[in-house]
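*Asks:* quick one, what's the 3D model for this:
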Amino acid sequence: GVLSYEAYRTYAALSSLVDTRVLDIDRKRPDYIYIKHHIYRQSLRERALDAENQHRLLNIIVQPFEKWWKALKHSVAWRLLRIAQRGDQAERLKAIHQLAQIDHLKDWDFQHLAQLCDYRTAISLARSNCDTRWFLPPRQYGVEKEMREVLVEMKSLLELLAPHKCAAYALEQTFGSSGHIREPDGDEVTYQMSPSRFEYDQLKQSLSALVHLTGLVGPEGKQHCRRIVDAGGLLMLLEAEKLFREDIDMKLLISRLVGNLSACEGLGYEFYASGWIGILARWKRDVDMRMQVTADLTLENLDQDDPNGFRYAPKVYPLHPRGRQQAKPAVDVVFIHGLLGGVFVTWRQKDLKPQAASLLGKKHKDVHLVSTSSPSFTSLTNDIAPTDVDIPPNRTGQRTEGITAYKDELLTFQESTNSGPRDASISDTETKELIEALQQEEPLGADWTVVYPDVPLAADEDAHTGKPTATADGATCSVSGDQWLQEPLDSTQRSFCWPMEWLPKDFPSIRVLGLDYESSLSQWSATGCPCEKYDGKLQKRAAEFLEKLATSDVGQDRPIIWVGHSMGGLLIKSIMVQALESSNPKVRRLAENSRVVMFLGTPHRGSGVAKLKQHTSALVWPSVEVQELEENSTHLLHLNKSFLRSVDSLGVRRPKIITLCEGKPTVLTSFKLAIHVVPESSARIDAGDFYLTSEDHLNLSKPICRQSFLYQRLVGAIQEAIRSGGPDSQLIFHGTKKSAGSTAASSALSGLYTQLKQFEQLMNVFI
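*Replies:* As a prediction, this is how the structure comes out:
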């Protein structure tokens, strides 16, 4: 301390001896000029007066024009809105198309127009991707209820449906035999669970039960939907949406329930009055593609003005198109997943770093997919390896399946860009070297031939696989160099639903549907009520899908292409057999208009995995689905014979059968075994084309890129179906007949806004 003090005193003494201002001697100081204000005062006043006069003259000219311009913009929007509400169908469609493009009005203009909207126009605007300011926010949207209050409301909805056995079972399982909202006790206390977390789980179970009750087939499910809406269920669900706005897992449950309610006809006004149309319009822009698909499904069910729209039953998801179209689709392509699969699980792009699968469906690694600013951009923060059986269980050991298969995970769209080469981590060394070489080199010429990375190991004689160009039935194993797509294969470019993202690029005029259902390998892990656990029979499930597909007009005046993975192929066979046995012409057309059936690892004669489950049945307790897949099962053999007999009965209209079989065993980590889930002897159906691939069972449905054999074989099949469909498959919508005067007036207003927007940009320079 003493030394520091002496050093400070020495520094202060030396500083006082030297004047530091010496360094500023040569620095030039600014020069100031004194202005005598009384001399220049008059000239400054005259200059300010001249500027004021010029500005006043400009205001005299511009202000009336600016006022007229604002009134004109609002007037044109108001006139278009009147046409959208009172015109005939063709005029309404044109007016809605123009209104959806308006994005330059003031907020108060949008608020005024939103108050003039009716429910039919609001639904049409929401389907057209309009500005979200078109919709008034729900009443008291900024006020949130407590979680317990929302739970009480969901419980009241279940009690409303309690005469049904599923509702009674859900009440007992969720709230106990007393029927009261209970606190955690007993063994549950060991989890150190807070009351809010316990209420969260109860609310989640209640929503899952309501999703099941509203998704029942037949009039029973529609009655439940109507009773929920009449009891104010839409407002109750709105409170849940406000509470879990950032919880993707709960949002998916709420969206599924809202989608099920929309399947009941005549509820458009109820959705609009409760404020759900604006929320659905916002969900269409959600970063998670599952939210987007469900929102599109709900709005299409509510839309009464779309001449080319359809109505979708629960568990039928329209992957493309998503929005209003100018014409009916040319082809229907239907995808059905297998056991423990899902629409956004089975039909993913091939994993870049595949893991071993779990026979019991246990989670091996946490999966988190984080999206950036745009829905078309995907960023992966962790290495991921989802498979059909790698589905994470929740806290109670149950598994969320189907469209909500992955908890707290965002599934986003693939970025459509042709950027430079990437560092793709692909397990197959030879494939990785080939892809990297093709990406790093300059574009190949027509004199090059590139063989697909997943070329089949073997094929039947009538399956033309050795030719470099597509044959008559669409089979090919290579492509010329000038047609090779320079697409990156890194983890940020993976597709989480390739039928939804790839097929529309090649066939914009087709319709792509994904069927979803819950399944399990063991009764211990089966979710839902007993009717789902024990009534999961193949024939019953196929009958339910048959009715739902007929409701969606699948195969009416257009060809159908079926793609089924594993058990999904068995469902396709049962659907076609039951369709031909039906006396309903609309149902029969589901089989009569089938042009292609693609089986991906389908166990036509059963699977050895089911037999493995039987040996440990006392411990594992196999589910109904697994029991039906027993090797050489009498039921499966009978189904196979019935399917072949039904196909032969169609004669010249019989569909083309394409079979892909796994050529590599699947590693099951539960038993440290590598087994063929569906061996070649069971995958062969003895009809059509047969290909033995180099993939395992789980990757049969996951092409590595668009230039893969699986995808290109499907593309060839679709092309052949379109060619064979004839002119009836290209249905163009013709609007209702209207007078020439109304047509001219509607056309004039339709194109006016485009010109006004350009003129406004020009005037902003001068105003």
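*Asks:* now the helices for the stretch 201-350 of the chain?
*Replies:* For the stretch 201-350 of the chain, the helices defined by DSSP state H, counting those that start in this stretch occupy 219-230, 233-243, 248-262, 268-273, 276-283, 289-302, 343-346.
*Asks:* helices or strands up against the fourth one?
*Replies:* The reference is to helix 268-273. helix 119-127 (3 or more CB pairs under 8 Å, 6 or more residues apart in numbering; DSSP states H and E). Heads up, the C-betas are built off the backbone N, CA and C, glycines and all.
*Asks:* may I see the buried residues of the helix or strand just after the helix it packs on?
*Replies:* On the C-terminal side of helix 119-127, the closest following helix or strand by DSSP states H and E is helix 147-160. For helix 147-160, burial by neighbour count (16 or more other CB atoms under 10 Å) applies to Met147, Val150, Leu151, Glu153, Met154, Lys155, Leu157, Leu158, Leu160.
*Asks:* now swap in stretch 296-313 and tell me
*Replies:* Those would be 296-303, 305-307, 309-313, for stretch 296-313 by 16+ other CB under 10 Å.
*Asks:* now tell me what touches it from outside.
*Replies:* Contact with stretch 296-313 is made by 89, 92-93, 96, 120, 123-124, 126-127, 217, 255, 258-259, 262-263, 265, 267-268, 271, 277, 280-281, 284, 317-318, 322-328, 547-548, 551-553, 733, 735, as judged by CB atoms under 8 Å, 6 or more residues apart in numbering.
*Asks:* quick one: end-to-end distance for it.
*Replies:* 13 Å (CA to CA, to the nearest Å).
*Asks:* now swap in stretch 494-508 and tell me
*Replies:* 21 Å.
*Asks:* buried set for that stretch?
*Replies:* Neighbour-count burial for stretch 494-508, counted by 16+ other CB under 10 Å, picks out Arg494, Ser495, Phe496, Cys497, Trp498, Pro499, Met500, Glu501, Trp502, Leu503, Pro504, Phe507.
*Asks:* quick one: which of those residues is nearest Ile685?
*Replies:* Pro499 (22.5 Å; CB to CB).
*Asks:* spatially nearest residue to Ser156 (excluding sequence neighbours)?
*Replies:* Ala231 (7.6 Å; CB to CB, 6 or more residues apart in numbering).
*Asks:* if any of the contacts of stretch 296-313 are buried, put those into a PyMOL selection.
*Replies:* Selection of buried members from these for PyMOL, criterion 16+ other CB under 10 Å:
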select buried, resi 92+93+96+120+123+124+126+127+217+255+258+259+262+263+267+268+271+277+280+281+284+317+318+322+324+325+328+548+551+552+553
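*Asks:* redo the helices of the stretch 201-350 of the chain as a markdown table? Include mean pLDDT.
*Replies:* Below are the helices of the stretch 201-350 of the chain laid out as a markdown table (pLDDT from 0 to 100):
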| stretch | mean pLDDT |
| --- | --- |
| helix 219-230 | 93 |
| helix 233-243 | 95 |
| helix 248-262 | 96 |
| helix 268-273 | 96 |
| helix 276-283 | 96 |
| helix 289-302 | 96 |
| helix 343-346 | 92 |
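*Asks:* so for Arg511, which of those sits nearest?
*Replies:* helix 289-302 (11.5 Å).
*Asks:* hmm, back to that, of all the buried residues of stretch 296-313, which comes closest to Arg706?
*Replies:* Asp296 (23.6 Å).
*Asks:* report the separation between the closest residue in space to Arg589 that isn't next to it in sequence and Trp134.
*Replies:* Excluding the flanking residues, the one nearest Arg589 by CB to CB, 6+ apart is Gly555, at 5.1 Å. Look at Gly555 and Trp134: by CB to CB, to the nearest Å, they are 36 Å apart.
*Asks:* does the residue nearest to Ser156 touch Glu159 like I think?
*Replies:* No - the pair Ala231 / Glu159 is not scored as a contact, 10.1 Å apart, by CB atoms under 8 Å.
*Asks:* quick one: low-confidence parts of the stretch 351-500 of the chain?
*Replies:* 352-444, 461-476, 482, 485-492 (pLDDT under 70).
*Asks:* now the strands for the protein?
*Replies:* 316-320, 332-336, 369-371, 378-380, 449-451, 458-459, 478-480, 511-515, 560-565, 594-600, 656-661, 666-668, 673-675, 689-692 (DSSP state E).
*Asks:* for Phe599, give me its contacts.
*Replies:* Taking CB under 8 Å, 6+ apart, one finds Gly564, Gly569, Ile572, Ile657, Ile658, Thr659, Leu660, Ala683, Ile685 in contact with Phe599.
*Asks:* let's see the pLDDT reported for it.
*Replies:* On the pLDDT scale, Phe599 is placed at 97.
*Asks:* repeat for the one 10 residues further on
*Replies:* Model confidence at Val609, expressed as pLDDT, equals 71.
*Asks:* give me the nearest residue to it, chain neighbours excluded.
*Replies:* Val677 (5.5 Å).
*Asks:* the one you found reaches Gly606, doesn't it?
*Replies:* No - taking contacts as CB under 8 Å, Val677 lies outside contact range of Gly606: 11.0 Å.
*Asks:* the two: which is more packed in?
*Replies:* Neighbours were counted for Val677 and for Gly606 using other CB atoms under 10 Å; Val677 has more, 27 against 20.
*Asks:* which ones are touching that one?
*Replies:* Val677 is in contact with Ser566, Gly601, Pro603, Ser607, Gly608, Val609, Glu662, Thr666, Asp696, His697, counting by CB under 8 Å, 6+ apart.
*Asks:* the third one reaches Arg684, doesn't it?
*Replies:* In this case it means Pro603. No - the pair Pro603 / Arg684 is not scored as a contact, 10.8 Å apart, by CB under 8 Å.
*Asks:* what about those two, which has more around it?
*Replies:* In this view Pro603 and Arg684 are compared by other CB under 10 Å, and Pro603 has more residues nearby, 26 against 17.
*Asks:* how close does the more buried one sit to Asp286?
*Replies:* Separation of Pro603 from Asp286 (CB to CB) stands at 37 Å.
*Asks:* same question for Thr634.
*Replies:* Distance of Thr634 to Asp286, given as CB to CB: 47 Å.
*Asks:* ditto for Glu544
*Replies:* Distance from Glu544 to Asp286, by CB to CB: 29 Å.
*Asks:* check Ile83 too.
*Replies:* 31 Å.
*Asks:* equivalent analysis for Lys155, please.
*Replies:* For Lys155 relative to Asp286 (CB to CB), the value is 28 Å.
*Asks:* equivalent analysis for Lys656, please.
*Replies:* Taking CB to CB, one finds Lys656 at 38 Å from Asp286.
*Asks:* okay if I get the buried residues of helix 147-160 as TSV plus pLDDT?
*Replies:* Converted to TSV, the buried residues of helix 147-160 look like this (pLDDT from 0 to 100):
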residue	pLDDT
Met147	92
Val150	94
Leu151	93
Glu153	94
Met154	94
Lys155	93
Leu157	94
Leu158	93
Leu160	93
